[in-house]
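Peer 1: I need the structure of the sequence given here:
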Amino acid sequence: MGETSTHFKVPAAAEERGVCLGPDGAVAHVTRVVRMVQGRWKLPILFRLYADSTMRSSRLMRDMPGISQKMLTQHLRELEKDRLIERIDFAEKPLRVEYQLSARGRQLMPVLIEARRFSASHPA
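Peer 2: Numbers count the residues shown, from 1 in each chain. Model (predicted):
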């Protein structure tokens, strides 16, 4: 038999398992990303900001029927804390604030779009 590609292989040796399972392994990193987008409204917020580069919270509320002001504010703060979005405060009276994807958020979007493709090609 010829040489086979090993880049798809999961490390089997005990000393290599840390790459997948250790505190700095794949599981920890993927879990961290899942936690960042966990929440009923976080993914809709991210996809809306991906579709329109900058939005005010009032527009996000109109575009996502069913979300309360409290939940929108909570999720926006969490996404900002995780540095997936940026809050732009114009320091004007009346208050004007807009939100946009951060560089980190833009890097995450291809992963989320690929997850959507995976889901669409593997129906429940």
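Peer 1: What residues of the helix or strand hosting residue 118 count as buried?
Peer 2: Assigning secondary structure by DSSP states H and E places residue 118 in helix 103-121. For helix 103-121, the neighbour count (16 or more other CB atoms under 10 Å) marks 105, 108, 112 as buried. Backbone N, C-alpha and C define where each C-beta goes, glycine included.
Peer 1: Please apply the same query to stretch 70-77.
Peer 2: For stretch 70-77, by 16+ other CB under 10 Å, it's 72, 75, 76.
Peer 1: The most centrally placed residue in the chain - nearest residue in space that isn't next to it in sequence?
Peer 2: The structure's the chain has its C-alpha centroid closest to residue 37; by CA atoms, centre = their mean the separation is 4.6 Å. Once flanking residues are discounted, residue 37 sits nearest to residue 43: 5.8 Å by CB to CB, 6 or more residues apart in numbering.
Peer 1: helix, strand or coil for the one you found?
Peer 2: Counting by DSSP: H, G, I helix; E, B strand; the rest coil, the backbone at residue 43 sits in helix.
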